[in-house]
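> Using only what follows, build the 3D model:
(2 chains)
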Amino acid sequence: MLATTMLLALATIGCQPAQEPGITLPEGFTATIVHEGVGPARHMVVRDNGDIYVALRQRTNGGGIACLRDADKNGSYETIEYAGKVQGTGIALDGEWLYFAEDFRVVRFELPKDSLTPVGDPELIVSNFAEETQHAAKSIDIGADGKLYINCGAPANACQVQMRTPGSPGMDPCPILDYAGGIWVYDANKPNQQHTRDGTRFATGLRNCVAIDEKDGAVYAVMHGRDQLDSLFPKLFSPQQNADLPAEEMFRLTEGSDGGWPYTYYDPMRAERMLAPEYGGDGNTPAEEGKYDEPIQAFPAHWAPNAVLIYEGEQFPEWYRGGAFVAFHGSWNRAPELQAGYNVTFTPFKGGLPSGAYELFADGFAGKDQIRSPREAAHRPMGLAQGPDGSLFICDSVKGTIWRVTYSGDRD
Amino acid sequence: MKRAAIILIVGCLAACEKETSKDASTSTGPAVPVVRADPVNGQAVYVQHCLLCHQQDGGGVPNMQPPLIESKIASGDADHLIELVLRGVGGQSPPAMPASGEYAMVMPSAKTLSDKDIADLLSYIRQTFVEAKPIGAEQVAAVRAKLE
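Residues are numbered from 1 along each chain as shown, chains lettered A, B, ... in the order given. Next up, the predicted model:
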């Protein structure tokens, strides 16, 4: 089904042909590189006027937000400015506010109408997150009702008594769930809130959902599943089983949802939630039925879902409307097996839920067929955003390359 | 193909070890204890406990786990390296050593491994990913005793 539609990118300054590897897309779609490298990109948003804002992991040219404008609307984002003494992952727009999530605080900047760059000092919205390094990146989204959704990844693999130590049992109950391993909700317009005192835990049992997209009070989230089944429990799991287990789960979260971490994991081959080995599981024992949310889609293990976008545009054919694009950063913990992911998938939806299996949408980011270690990848898909004309923007974390995907194929 | 590559590496390490022993035995200076590391066991320990994070080629994972290739810690002071492996790095649980902040992942303590396994492992790392002298089991035991 996937035909290759390679694109030459002419969209950078001076319309120089891009040297980046082309990506493959379904027939009728075209990708254009709008910028070859803005820096260590994380998430990205596009404003109503088409301006692009990219959160950077480290400040670049003095700023942690790359701001891009295509003033003459020719598809070439000829203007780029760096702003904000911040660095992190999450970024969101709400009217004339630009929200930014560092690892341990969420702030917002004024973004006046027609201004490319935010102005003034950041206003602190939420702080007091646990300063632990594992899964510290915060991703955010803002609902139409002014609620600020924050993914608080668990600073652990499986909540073991001894972190990532072979055979160590899981803490029961897992104390991490009191402050992380879930999604919290705050008031997007209230400054100086403290985690967790001033927020509400919206959903729990989520190891790390960098990929979140709120729609009508529900949050679509794709979780990074646990690592190291074989190295922590070598008598129960082989390296091959670790490469294929567990699924990266997509959820449709509502208030009170529980994704089952750390007590369970999802086996995509059995299509069944299993008891984690830290809590007495042996690879063959299912979890208690009905206690936890079921995934609405199970993706292959370790692909590292880092962005999800429910497509609401009208540019793409009917098949894509209301469905979910997911950007996979690509695995590191399938070793010694070959790594996998490094792509963007699409899952068709009907009525807010998947109506079919996921399909590969964009591929070729890695620049080579076989990846043994992530550092071999030329690009790793990281962020997704929808433009005002329904175009899909994809950014990568290695160089901060940004692609714009448009559809010009048959509409019948 | 993969197996052939491993055999080649092991063969090279075995040769290196032999060369080191020969040099030591022909020295006319004071008697220096010959460190005898087992590269085959060292590699096996690496595969079981280290490979997933530090990767098969020792290159690490950007922003997650540091590379061992050209690592100044791996090629540096042996006692410091042994201590780091025995205590672990990062996280909230002392006595792990503090992390640099550059990499997100924590490294668990390897204190449950034997002195010989740790010595073979570190010698494998020091002769595969960097160029440094092997480490003996008695040196691991001495550092372990200091920490306890």
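> number of nearby residues for residue 35?
Here I'm looking at chain A. By other CB atoms under 10 Å in any protein chain shown, the residues close to A:H35 number 27. Bear in mind the C-beta positions are built from the backbone N, C-alpha and C, glycine included.
> Chain B was what I was after
The number of residues packed near B:V35 is 19, by other CB under 10 Å.
> which residues in the chain form helices?
Just going to use chain A. Taking DSSP state H to define them, one finds helices in chain A at A:229-232, A:239-244.
> Hmm, no, I was thinking of chain B.
Assigned by DSSP H, the helices in chain B fall at B:2-26, B:39-49, B:51-54, B:72-75, B:78-87, B:115-128, B:137-147.
> ok, now how distant is A:R47 from A:S139?
A:R47 sits 19 Å away from A:S139, going by CB to CB, to the nearest Å.
> what about those two, which has more around it?
A:S139 (30 against 18).
> Make sure that one is actually in contact with A:C152.
No: with contact defined as CB atoms under 8 Å, A:S139 and A:C152 do not form a contacting pair (9.6 Å).
> Show me where chain B dips below the pLDDT cut-off.
B:1-33, B:92-95, B:100 (pLDDT under 70).
> Give me the spatial nearest neighbour of A:Q194, chain neighbours excluded.
Excluding its sequence neighbours, the residue lying closest to A:Q194 (CB to CB, 6 or more residues apart in numbering or on different chains) is A:N128, at 4.3 Å.
> which residues touch the one you found?
A:194-197 (CB atoms under 8 Å, 6 or more residues apart in numbering or on different chains).
> Any of the residues you listed buried? List them.
Among these, those buried by neighbour count (16 or more other CB atoms under 10 Å in any protein chain shown) are A:195-196.
> Now intersect the contacts of A:N128 with the strands, please.
Counted as lying in strands by DSSP state E, out of the contacts of A:N128, are A:Q194.
> Low-confidence stretches in chain A?
Residues of chain A that meet the criterion pLDDT under 70 lie in A:1-21, A:411-412.
> Tell me the residues of chain A that contact chain B?
Neighbours of chain B within chain A, by CB under 8 Å from any CB of the partner chain: A:57, A:132-136, A:155, A:162-166, A:227-228, A:231, A:234, A:332-333, A:335-336, A:372-375, A:398.
> at 7 Å what do you get?
Within chain A, the positions adjacent to chain B are A:132-134, A:136, A:162-165, A:228, A:231, A:332-333, A:335-336, A:372-375 by CB under 7 Å from any CB of the partner chain.
> In PyMOL, how would I select just the buried ones from those residues?
Buried residues among those (16+ other CB under 10 Å), as a PyMOL selection:
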select buried, chain A and resi 132+133+134+136+163+164+165+228+231+332+333+335+372+373+374+375
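> Report the central residue of chain B.
B:L122 (1.5 Å; CA atoms, centre = their mean).
> Is that residue in contact with B:L81, as I believe?
Yes: B:L122 lies in contact with B:L81 (CB atoms under 7 Å); the separation is 6.0 Å.
> Mind listing the residues bridging to A:L124?
Taking DSSP bridges as the rule, A:L124 bridges to A:V107.
> who's the residue nearest to A:A357 when sequence neighbours are not counted bridged to?
Counting by CB to CB, 6+ apart, A:A357 lies nearest to A:T347, which is 7.5 Å off, once chain neighbours are set aside. Beta-bridge pairing of A:T347 under DSSP bridges involves A:A324.
> mind checking how far A:T347 is from chain B?
27 Å (CB to the nearest CB, to the nearest Å).
> Contact partners for that residue?
Contact partners of A:T347, counting by CB atoms under 7 Å, 6 or more residues apart in numbering or on different chains, are A:297, A:323-324, A:354, A:358.
> Roughly how far does it sit from A:G383?
For A:T347, the distance to A:G383 (CB to CB) stands at 18 Å.
> Let me see the residues that make contact with stretch A:257-270.
The contact list for stretch A:257-270 (CB under 7 Å, 6+ apart) reads A:154, A:158-159, A:170, A:174, A:181, A:203-207, A:223, A:225-226, A:244-247, A:249, A:251, A:273-276, A:278-279, A:287, A:292-293, A:295, A:298, A:300.
> and if we set it to 6 Å?
Applying CB atoms under 6 Å, 6 or more residues apart in numbering or on different chains, the external contacts of stretch A:257-270 come out as A:158-159, A:170, A:174, A:181, A:203-207, A:226, A:246-247, A:249, A:251, A:273-274, A:276, A:279, A:287, A:292-293, A:295, A:298.
> From those, list just the buried residues.
Of these, these count as buried by 16+ other CB under 10 Å: A:158-159, A:170, A:174, A:181, A:203-207, A:226, A:246-247, A:249, A:251, A:273-274, A:276, A:279, A:287, A:292-293, A:295, A:298.
> mind listing the strands for the stretch 201-350 of chain A?
Remark: strands assigned in the stretch 201-350 of chain A by DSSP state E, counting those that start in this stretch are A:211-215, A:218-222, A:248-253, A:257-258, A:264-267, A:272-275, A:297-299, A:305-310, A:324-328, A:343-347, A:349-350.
> Kindly compare burial across these and name the winner.
Mean neighbour count, computed with mean count of other CB atoms under 10 Å in any protein chain shown, is highest for strand A:324-328 among the strands of the stretch 201-350 of chain A, reaching a mean of 28.
> In terms of secondary structure, what does it contact?
Under the contact definition 3 or more CB pairs under 6 Å, 6 or more residues apart in numbering or on different chains; DSSP states H and E, strand A:324-328 sits against strand A:305-310, strand A:343-347, strand A:381-386.
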